[in-house]
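Asks: Sequence and predicted structure, then a few things I'm wondering about:
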2 protein chains.
Amino acid sequence: MSQSPRANAERLWQSLRSMSDIGATPAGGVTRLTLTKLDGEARDLFVGWAKEAGCTIRIDPFGNIFARREGRRPDLPPVVIGSHLDTQPAGGNYDGVYGVLAALEVVRALNDAQLDTERSIEVVSWTNEEGARFQPPMLGSGVFTGVFSLDFGLSLTDKEGIRLGDALSDIGYAGTDHIAATSIHAALEVHIEQGPVLEKEAIDIGVVTGAQGQRRYEIQLTGQSAHAGTTPLDYRADAALGLARSIEAVRRIGIAQGEAARATVGYVSLSPNSPNVVAGGAVFSVEFRHVENNTLDIMEEALLKEIQQIADDTKLEHSVERIIDYAPISFDSRMVDLVEQTAKQYQYSYKRMVSGAGHDACYLSRVTPTAMIFIPCVDGISHNEAEQIYPNWAEAGANVLLGAALAKANDVEK
Amino acid sequence: MSQSPRANAERLWQSLRSMSDIGATPAGGVTRLTLTKLDGEARDLFVGWAKEAGCTIRIDPFGNIFARREGRRPDLPPVVIGSHLDTQPAGGNYDGVYGVLAALEVVRALNDAQLDTERSIEVVSWTNEEGARFQPPMLGSGVFTGVFSLDFGLSLTDKEGIRLGDALSDIGYAGTDHIAATSIHAALEVHIEQGPVLEKEAIDIGVVTGAQGQRRYEIQLTGQSAHAGTTPLDYRADAALGLARSIEAVRRIGIAQGEAARATVGYVSLSPNSPNVVAGGAVFSVEFRHVENNTLDIMEEALLKEIQQIADDTKLEHSVERIIDYAPISFDSRMVDLVEQTAKQYQYSYKRMVSGAGHDACYLSRVTPTAMIFIPCVDGISHNEAEQIYPNWAEAGANVLLGAALAKANDVEK
């Protein structure tokens, strides 16, 4: 397929650079929280570029921006591609932004190639993906797909008590356009991996087959605080020891489920947490992620059993509470196949993988065939000013997005 | 020795109860920080009782109180017995207080038995043993024995900036008597064990052979903070895992040195300490205690080796800093033998043991033959409002103190 259109890598990189100026931090990152003045500026820049590229702009009541490149058959459900422009505080230059600007580059490249499509292509920027200013995350795509009601979303407040709906009006992005989530032909999102796998394995493209489910637990171990000098080891009911064994057990449970499993103890708290007192209590988090709910069940069962055994062995009381339970998501298999074939077509190395983080595409997958494309990021670092990618990585992701979007936009037979 | 005088258990218990009223907390404990108004009241009560028992009161410039029961030969160095009246915040009714009032009971019991002694007996209450309001602990005995200068001690300030010397004057206990640390014949202190051993083994008396040395370390492990969802287990440099293995290693190092060794991780801090972030850093304390300095050397060497290995295995950077190094103390062997013989004489079960905590007797042992007597406490709980002993336990300790003090007070041949 020597006729495959290609993204203009230099233009894409320049657009990323220009967008990075809005909210740039001295350390080279960006702070552009959702619905702030800076977010407004970023939206304006994107909208300006999209108009220059010939797109029609629509904005829905939650501030999601749709930039439409009209197809030959405007009556057919469009192909939606995009991501988000908001960032974490002291965040990076690519998380979300790359997905929006790569989608814009699809439009620009199709224009360059003077290629019309049967279906329209809509480049979308979702409101408040990060959830840093207003909780929960992935709110724009969540409201769009009916996971959350519009009223719920608009009524959320930030730490300073500012209503999301008011912040949206203040930057001029409280739209009135109705865009039906039920009439989308397909959705694609390209994103940095936010993990180390692609870079370490020197692979160009991650073919994302779904997103991990997640279960989080809060575990309490209760022993007896005791004098570190007077209490022999055998007489102790030491919550720190129970904690240590639990951390090892959590890792063991993760390893037992193979490369796709995640098992993390990221939060710990001892009491009284004093160097010369044997800890009488420990509270810690356990987080499991896997793409199969059945595997999460197995991990949970193993956790309960291991914690019971550890508590018995160390003379501790214990409690385990599950506080988060997100089901895994599997993307549409034909969409996943399409991404894989497109990577092959552009002669990129690729690997099927599961997203460990949540993305707008996860909610989109509830209403339309959806898939995601990952590109590497340096050292897997994200949500951090040190987030970094290279222009050729950005180009590869944009090309695969372009090829896959083009295929879906011309897919009118089914 | 059917003529052995005996403590009046009921009187001792009543005195303990009365003293507990001063600073009593609703939960049944006591808060009587050193040199507060409440400490002044406790001192006044003790001084009143001592005077009633015929003692002469002297107070040194650091507020240490000496209540002297004159012997037949006032020129001979006296026998010093006692402990401290100050408590921890929300502390117990017996830590320190029991040692002072058991010593007072020795005087009262000798009075009852109309027994004169060759040497004088001085009941002492040391200022600021706890170190809760003014750091460091064991300050009164430390100044008395020349470990700290008087000026250093008086110039210390509490959290509110109040000078120790001023607090001492305010409660009327800035004395002017000079009591020479160099002319004491022997010193004895009875104290609750503050550990679980005697109670669990149903032993009446702990014959304390010395006090453990203590070394404390601050250890830092540094890995890489990472997304808990996107970062496979194999790619992690997880400081929580290093922490877990270190806690197990510290316990292993302690167990390898037998029953007398203590090894504790009581303080831990992860960063960023967030449930969905792999920990990039861990800081934690390691505390070793043992009665042999050589053993502490072996434990330290093992610690350095284990931490190095753990850091290598888990891909972490590490640093180990020794922040406390107190040498072990061995009490005078003839004094220890005397305590043992006296316990036998009163037909109490006993066990030689090492103190895991610091006591005024540790500093006294620098200037005079010294020993300590332990009695059990419920569940080993101390520095806590739940601290508890029983009247018969209190009686046993007072009897052994009485017998040993009497022997030393009549020991004029050497």
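Replies: Happy to help now that I have it. Numbering: from 1, shown residues only, chains lettered A, B, ... in the order given.
Asks: A:H318 in helix, strand or coil?
Replies: Local secondary structure at A:H318 is given as strand here, using DSSP: H, G, I helix; E, B strand; the rest coil.
Asks: Not counting sequence-adjacent ones, nearest residue to it?
Replies: A:A311 (3.9 Å; C-beta to C-beta, 6 or more residues apart in numbering or on different chains). Any C-beta I mention is one placed from the backbone N, CA and C, and that applies to glycine too.
Asks: what's the burial count for the one you found?
Replies: A:A311 has 23 neighbours, counted by other C-beta atoms under 10 Å in any protein chain shown.
Asks: surely it meets A:Q220?
Replies: No: if you go by C-beta atoms under 8 Å, A:A311 and A:Q220 don't touch, sitting 10.1 Å apart.
Asks: list residues touching both of the two?
Replies: By the contact definition C-beta atoms under 8 Å, 6 or more residues apart in numbering or on different chains, A:A311 and A:Q220 are jointly contacted by A:H318.
Asks: For A:S349, what are phi and psi?
Replies: phi -70, psi 150 (degrees, to the nearest 10).
Asks: Kindly report the same for A:D39.
Replies: Backbone phi and psi, for A:D39 under degrees, to the nearest 10, turn out to be phi -60, psi -40.
Asks: hang on, the earlier thing: what helices and strands are in contact with the host helix or strand of the residue nearest to A:H318?
Replies: Under the assignment given by DSSP states H and E, the secondary-structure element containing A:A311 is helix A:293-313. With contacts defined as 3 or more C-beta pairs under 8 Å, 6 or more residues apart in numbering or on different chains; DSSP states H and E, the packing partners of helix A:293-313 are strand A:213-222, helix A:239-256, strand A:281-290, strand A:317-326.
Asks: any chance of the ones you listed in JSON lines, plus mean neighbour count?
Replies: As requested, the helices and strands packed on helix A:293-313 are arranged in JSON lines below (neighbours: other C-beta atoms under 10 Å in any protein chain shown):
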{"stretch": "strand A:213-222", "mean neighbour count": "21"}
{"stretch": "helix A:239-256", "mean neighbour count": "23"}
{"stretch": "strand A:281-290", "mean neighbour count": "24"}
{"stretch": "strand A:317-326", "mean neighbour count": "14"}
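Asks: Not counting sequence-adjacent ones, nearest residue to A:L16?
Replies: Ranked by C-beta to C-beta, 6+ apart and with sequence neighbours excluded, the top spatial neighbour of A:L16 is A:L101, at 5.7 Å.
Asks: Likewise for A:S274?
Replies: By the measure of C-beta to C-beta, 6+ apart, the closest residue to A:S274 outside its immediate chain neighbours is B:G266, 5.4 Å from it.
Asks: Please identify the helix or strand for A:G210.
Replies: Under the criterion DSSP H and E, the helix or strand holding A:G210 is strand A:205-211.
Asks: and that strand, what does it pack onto?
Replies: For strand A:205-211, where contacts count as 3+ C-beta pairs under 8 Å, 6+ apart, the packed elements are helix A:197-200, strand A:329-330, helix A:333-345, strand A:350-355, helix A:360-364, strand A:370-375, helix A:391-409.
Asks: rewinding a little: which residues are in contact with the helix holding A:A311?
Replies: Identification of contacts with helix A:293-313 by C-beta under 8 Å, 6+ apart yields A:213, A:215, A:217, A:219, A:221, A:242, A:245-246, A:249-250, A:252-254, A:256-257, A:261, A:263, A:286, A:288, A:290, A:316-318, A:320, A:322, A:327-328.
Asks: Kindly state the beta-bridge partners for A:I329.
Replies: The residues paired with A:I329 through beta bridges, assigned by DSSP bridges, are A:A211.
Asks: A:S365 is in contact with that one, correct?
Replies: Yes: the pair formed by A:I329 and A:S365 meets the contact definition of C-beta under 8 Å, at 5.8 Å.
Asks: hey, what's in contact with both of the two?
Replies: The overlap between the contact sets of A:I329 and A:S365 (C-beta under 8 Å, 6+ apart) is empty.
Asks: tally of neighbours for A:Y363?
Replies: The burial count for A:Y363: 25, using other C-beta under 10 Å.
Asks: OK, contacts around it?
Replies: Applying C-beta under 8 Å, 6+ apart, we find A:Y363 in contact with A:138, A:141-142, A:144-145, A:147.
Asks: Domain parsing of chain A, as residue ranges.
Replies: Per the record's domain assignment (automatic domain parsing), chain A is made up of the domains A:9-211+A:328-409, A:213-326.
Asks: The first one spans what distance, first to last residue?
Replies: To tie it back to what came earlier, the one meant is domain A:9-211+A:328-409. Start to finish, the residues bounding domain A:9-211+A:328-409 are 22 Å apart (C-alpha to C-alpha, to the nearest Å).
Asks: for that domain, the distance to its chain's centre please.
Replies: Relative to its parent chain, domain A:9-211+A:328-409 has a centroid offset of 10 Å by C-alpha atoms, centre = their mean, to the nearest Å.
Asks: The residue nearest to A:S274 reaches A:L270, doesn't it?
Replies: Yes: look at B:G266 against A:L270 with C-beta under 8 Å: they come within range, at 7.3 Å.
Asks: where do the contact lists of those two overlap?
Replies: Taking C-beta under 8 Å, 6+ apart as the contact criterion, the residues that touch both B:G266 and A:L270 are A:240, A:279.
Asks: What about A:A113, how many residues nearby?
Replies: By other C-beta under 10 Å, the burial measure for A:A113, its neighbour count, is 14.
Asks: and if you look at A:Q257?
Replies: Using other C-beta under 10 Å, A:Q257 is surrounded by 19 other residues.
Asks: mean confidence score for the strand holding A:G210?
Replies: Per-residue pLDDT values over strand A:205-211 give a mean of 97.
Asks: go on, stretch A:337-344?
Replies: When pLDDT is averaged along stretch A:337-344, the result is 98.
Asks: repeat for stretch A:26-36
Replies: When pLDDT is averaged along stretch A:26-36, the result is 96.
Asks: Pretty sure A:I375 sits against A:G206.
Replies: Yes: here A:I375 lies in contact with A:G206, judged by C-beta under 8 Å, at a distance of 7.2 Å.
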